[in-house]
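Chemist: What would the 3D arrangement of this be:
(2 chains)
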Number of protein chains: 2
Amino acid sequence: MPNPVDTLTPRLRAICGDEGVITDSTRRRTYESDGLAYHAAQPGVVVLPDTPEQLVETVRVCAEHGVPFVPRGAGTGLSAGALPNSDGVLIVTSRMRRIREIDIENECAVVEPGVANLDITRAAAPYGYYYAPDPSSQQVCSVGGNVAENSGGAHCLKYGFTVNHVRGVRFATPQGELVSLGGKAVEAPGYDLLGAFVGSEGTLGIATEVTVRLERTPQQVSTVLAAFTSMDAGGEAVSAIISAGVLPSAVEMMDALSIEAAETAVSCGYPPGAEAVLIVELDGPTPEVEAQFAEVVALCRSAGAFETRTASDPEERARIWKGRKSAFAAMGRISPAYIVQDGVVPRTALPEVLRRIGELSAESGVRVANVFHAGDGNLHPLVLFDDSEPGATERAAEVSGAILDLCIEHGGSITGEHGVGVDKACQMPRMFSPADVRTMERFRAAFDPAGIANPEKLLPTPRLCGERPGVRKTEHPLVSDGSAELF
Amino acid sequence: MPNPVDTLTPRLRAICGDEGVITDSTRRRTYESDGLAYHAAQPGVVVLPDTPEQLVETVRVCAEHGVPFVPRGAGTGLSAGALPNSDGVLIVTSRMRRIREIDIENECAVVEPGVANLDITRAAAPYGYYYAPDPSSQQVCSVGGNVAENSGGAHCLKYGFTVNHVRGVRFATPQGELVSLGGKAVEAPGYDLLGAFVGSEGTLGIATEVTVRLERTPQQVSTVLAAFTSMDAGGEAVSAIISAGVLPSAVEMMDALSIEAAETAVSCGYPPGAEAVLIVELDGPTPEVEAQFAEVVALCRSAGAFETRTASDPEERARIWKGRKSAFAAMGRISPAYIVQDGVVPRTALPEVLRRIGELSAESGVRVANVFHAGDGNLHPLVLFDDSEPGATERAAEVSGAILDLCIEHGGSITGEHGVGVDKACQMPRMFSPADVRTMERFRAAFDPAGIANPEKLLPTPRLCGERPGVRKTEHPLVSDGSAELF
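Modeler: Got it, this is the predicted structure:
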């Protein structure tokens, strides 16, 4: 049976040129998954538009033919949000990497969606500015992907998520119209749909241009690494800092197992004997930072830190961050395989949830390393396993799922910054009432009545999730990949 | 002909009790307009629910009968956003004034929509916290109304608008469902519709509960009043402060005519001979404020301030603010009538736009007083006239409209903080492309397919605006007030 995308291919070539359309099966395989490799499917065809016009035209052709499309940035996502459809079009923004404008007077930058996150900061640095959101993948991940996933980073405690830094978006709607939301001005009348577009995971369309806020490079940055003999003592330091009314730009914590992994991988030289390390960073005007930094170091000591190391220049700071930044990749040195979980709990529930994760690990015999944004309660438990051992993958997945249960049980969220994608779509009814989910479905359908924009991501469908309690039939066909008879 | 709302009245009484339903014509007259008195219409019936359940039930009854409803808070709005329908239900939240929770651990408050803005700060003050958005009407205006209009205030330069301070909303959809958006947690998966609800002017439903962020009362607040011999010199001071990287909590400016009015009304004692006064306020940790405040005062002097007065305690501060806070009401002392315009321009365009307003005033002979949030380019020109003089009202309206034209021409917005309402709905196509407006219409219809929620507000309709170029037919009947034949 011919793939429905085959009829589109000549039109797509006419729009994007031969170099912008990939049909070859081997080359298509490159795109079969994003950073969450255990969800994979070969895209029907891959299109790489070079201009906003080409992107809008590509979407319009999909709309005319009712063919699903999936947007993809750099492919670093961790929720299978860019999982392709085998009978659909994968639209990749990697050729659209132009920084259109660095507008210092209005403190913003206008960029194409494929621009790498860190490239904005590189372009703004000569003017004394930077782009604040800093996901771990910032060297490679794309701004368009950051917008789709509302990405966070170590510094979002003070600076907020991507949504707090996007001033405007131009995007192709799933019906192939070019629409603007926001812009350089701070406030505009009408519905503020920009916040809803950010984090919509490609289900409302594809950004062709993003206007982001630039921040002044802070006058002073001061960082302290504090080592504790227990996680509880580290947690106490975090509470004391927040209660004192200090708002650090970052508060990161690692447990013994993460420290061990980082030490093995990059010899970060963290204090021997530490059961927990805390990294606290302050930035801002020098007088404020100096006064508060002394207080933070003192609070760490009172909470029981047996060693503190401070840094106030970029090199010293890089040494402190080295272990934390390498923690995820370092897991490969102490475990053949691992799952990165992403959940949120209210900050005040952190000690209890960490204790319960410890119990889960002890009971199941599955090791769990904890690296987390302690200031905002965003956990990244790393569930370690040996994928060559029969049943180990399943046991790890079970522990990982149980950690998510803990987050929900404690009034938290199923994702902090990695998004819902395909991976957690079936969990949505656990966080939202039927009326809430229905409202989201109506909203999605207002943009995408044909259900062709990144289908089966973000919201649950019976096909994806089965007819379980809590998963209802959708009121409109969100998926048009040929399986409409299932609805 | 009987009013269609008459058939609803018995059901509304059953829901809200006799004391919650007003049908008496004299009492209904109280509600015929909001703060923008030149739009008026008597509501078909007025309902004052006392609980969220009563409010949701009231909306459900409207939905069942296809009868339009208009939400109203304290009625202080300035865009006729609460203009009633003579064949509809006016739902007033003034009985729902309970502060449900002051949650200091999570730095938020949970309140009913009818709670007055300042009452949140009063309730939080004993804990050392306050609610940041501070519209001039904050003593009386309701939080529900603030949410509907995304209200600003003198301090939104640093703290942002209402949207930046609302963490969650529970609301009755136009179909009579109770839906939650956001909550106490910082981030949630799914579409972030909270930002779109804030500022939706009652067209997506009515809030039954609002969760707002509380801020710590700043350690130090310092205020300076600087007097200049020209507006240009004052504007130069503003530019110098912003360029120095200082972010004041407020930067307010008044011209000679506003100073004269304030002096006449409240004897504020501003420096004689001032053609412009600038009020700059800083808040935050003491070391930061002290360092930056000295810089701000110096920058005002360099820009040509011939007198500066500083305040660092609440009484001195109140003296400085006295003239500014009374400026609008004071206009009554120098003019029989006036129109408050509300527009935004990019901060950098302020000097040029102020010069053009001066020319407009000189050419037309209509006096215009300027009071504005200089830091964020939000103008509040007060167009003065004598309504007993034939043709004067029309000339004033013309000048007021021409000022809005200037704002648009300079890349600004038709409203900074007063909203669109009925008053500016027909101006929306001047700011948005047809595709942009169509997207907003689709969004609105997803929530309100029957078009009964605050009809004819926010978006243009042919009935309201005529079949002018730039005003298209809506794709669905947004108005169901019996005039459907017009579509």
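
Chemist: For the stretch 201-350 of chain A, list the residues in contact with chain B, please.
Modeler: When proximity is defined as C-beta under 8 Å from any C-beta of the partner chain, the stretch 201-350 of chain A approaches chain B at A:216, A:219, A:245, A:284-285, A:287-288, A:290-292, A:344, A:346, A:348. The C-beta positions use only the backbone N, C-alpha and C, and glycine is treated the same way.

Chemist: The same query, at a cut-off of 6 Å, please.
Modeler: For the stretch 201-350 of chain A, the contact set with chain B under C-beta under 6 Å from any C-beta of the partner chain comprises A:216, A:245, A:285, A:287-288, A:291.

Chemist: In strands, which of these fall?
Modeler: Judged by DSSP state E, those include residue A:216 as members of strands.

Chemist: Give me the ChimeraX select line for the residues of the stretch 201-350 of chain A next to chain B, limited to the buried ones.
Modeler: The ChimeraX command for the buried members of these (criterion: 16 or more other C-beta atoms under 10 Å in any protein chain shown) is given here:
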select /A:285,287,288
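
Chemist: Point me to the residue of the stretch 351-487 of chain A nearest chain B.
Modeler: Taking C-beta to the nearest C-beta as the measure, the stretch 351-487 of chain A has residue A:446 as its residue closest to chain B, at 3.6 Å.

Chemist: Next, count neighbours for that residue.
Modeler: By the criterion of other C-beta atoms under 10 Å in any protein chain shown, residue A:446 has 17 neighbours.

Chemist: Name the SS class of it, please.
Modeler: Classification of residue A:446 using DSSP: H, G, I helix; E, B strand; the rest coil returns helix.

Chemist: on that earlier part again, among the residues of the stretch 201-350 of chain A next to chain B, which pair sits farthest apart?
Modeler: Greatest spatial distance among these (C-beta to C-beta): A:216 and A:245, at 22.8 Å.

Chemist: Pretty sure residue A:224 sits against residue A:307.
Modeler: No. Look at residue A:224 against residue A:307 with C-beta atoms under 6 Å: they stay out of range, at 10.5 Å.

Chemist: Between those two, point out the one with more neighbours.
Modeler: Neighbour totals were compared for residue A:224 and residue A:307, and residue A:224 leads with 21 against 16 (other C-beta under 10 Å).

Chemist: can you tell me which residues contact the more buried one?
Modeler: Residues in contact with residue A:224, defined by C-beta atoms under 6 Å, 6 or more residues apart in numbering or on different chains, are A:280, A:297, A:308, A:310.

Chemist: what lines up beside the helix or strand encompassing the third one in the sheet?
Modeler: So the one you mean is residue A:308. Residue A:308 is part of strand A:307-311, with elements assigned from DSSP states H and E. The pairing partners recorded for strand A:307-311 under DSSP bridges are strand A:220-228 (antiparallel).

Chemist: in the next helix or strand after the strand it pairs with, what's buried?
Modeler: Moving toward the C-terminus from strand A:220-228, the next helix or strand (DSSP H and E) is helix A:231-243. Residues of helix A:231-243 classed as buried: A:231-242 (neighbour count, 16+ other C-beta under 10 Å).

Chemist: One more: stretch A:197-216?
Modeler: A:197-215.

Chemist: Stretch A:322-336 too?
Modeler: Judged by neighbour count (16+ other C-beta under 10 Å), stretch A:322-336 contains these buried residues: A:322-328, A:330-331, A:334-335.

Chemist: what does it contact?
Modeler: Contacts to stretch A:322-336, defined as C-beta under 6 Å, 6+ apart, come from residues A:252, A:258, A:261-262, A:264-266, A:268, A:270, A:279, A:338, A:371, A:382, A:384, A:386-387.

Chemist: Scan chain A for its longest helix.
Modeler: Counting residues, the longest helix found in chain A (DSSP state H) is helix A:314-334.

Chemist: Can you show me the CA trace of it as CSV?
Modeler: C-alpha atoms of helix A:314-334 as CSV (Å, rounded to 0.1, in the frame of the first residue of the first chain):
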residue,chain,number,x,y,z
PRO,A,314,34.2,32.1,35.8
GLU,A,315,37.0,29.5,36.2
GLU,A,316,36.4,28.7,39.8
ARG,A,317,32.7,28.7,39.1
ALA,A,318,33.2,26.2,36.2
ARG,A,319,35.1,23.9,38.6
ILE,A,320,32.1,23.9,41.0
TRP,A,321,29.6,23.2,38.3
LYS,A,322,31.7,20.6,36.5
GLY,A,323,30.3,17.7,38.5
ARG,A,324,26.7,18.8,38.4
LYS,A,325,26.8,19.5,34.7
SER,A,326,28.2,16.1,33.9
ALA,A,327,26.0,14.2,36.3
PHE,A,328,23.5,12.8,33.7
ALA,A,329,26.1,11.7,31.2
ALA,A,330,28.3,10.3,34.0
MET,A,331,25.7,7.7,34.9
GLY,A,332,27.0,5.7,32.0
ARG,A,333,30.2,5.2,34.1
ILE,A,334,28.4,3.4,36.9
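
Chemist: Next secondary structure after it?
Modeler: Per DSSP H and E, the first helix or strand lying C-terminal to helix A:314-334 is strand A:337-340.

Chemist: Each with direction, which strands does that following strand pair with?
Modeler: Partner strands for strand A:337-340, per DSSP bridges, with pairing direction: strand A:378-385 (antiparallel).

Chemist: what does the strand it pairs with rub up against?
Modeler: Residues outside strand A:378-385 that contact it (C-beta under 6 Å, 6+ apart) are A:331, A:335, A:337-344, A:367-372, A:392, A:396, A:399-400, A:403, A:416.

Chemist: other SSEs contacting the helix or strand just after that strand?
Modeler: For strand A:378-385, the following helix or strand on the C-terminal side (DSSP H and E) is helix A:392-409. Packing partners of helix A:392-409 (3 or more C-beta pairs under 6 Å, 6 or more residues apart in numbering or on different chains; DSSP states H and E): helix A:350-364, strand A:378-385.

Chemist: Most tightly packed of these?
Modeler: For these, average neighbour numbers computed from mean count of other C-beta atoms under 10 Å in any protein chain shown are highest in strand A:378-385, which has a mean of 25.

Chemist: So for chain A, which residue is the most central one in space?
Modeler: Nearest residue to the geometric centre of chain A (C-alpha atoms, centre = their mean): residue A:418, 3.3 Å.

Chemist: residue in the stretch 51-200 of chain A nearest to chain B?
Modeler: Relative to chain B, the nearest point of the stretch 51-200 of chain A is residue A:195 (3.1 Å; C-beta to the nearest C-beta).

Chemist: List the contacts of that residue.
Modeler: Counting by C-beta under 6 Å, 6+ apart, residue A:195 makes contact with A:163, B:192, B:195.

Chemist: How about residue A:177?
Modeler: Applying C-beta under 6 Å, 6+ apart, the residues near residue A:177 are residue B:435.

Chemist: re the thing from before, closest to chain B among the buried residues of stretch A:322-336?
Modeler: Lowest distance from chain B to the buried residues of stretch A:322-336 (C-beta to the nearest C-beta) belongs to residue A:328, with 20.1 Å.

Chemist: Can you give me the pLDDT of the closest one?
Modeler: We note a pLDDT of 86 for residue A:328 in this prediction.

Chemist: next one: residue A:346
Modeler: Predicted confidence (pLDDT) for residue A:346: 84.

Chemist: Any idea how many residues pack against the closest residue to residue A:101 other than its chain neighbours?
Modeler: Closest residue to residue A:101 apart from its sequence neighbours, by C-beta to C-beta, 6 or more residues apart in numbering or on different chains: residue A:110 at 4.2 Å. Per other C-beta under 10 Å, the neighbour tally for residue A:110 reads 20.
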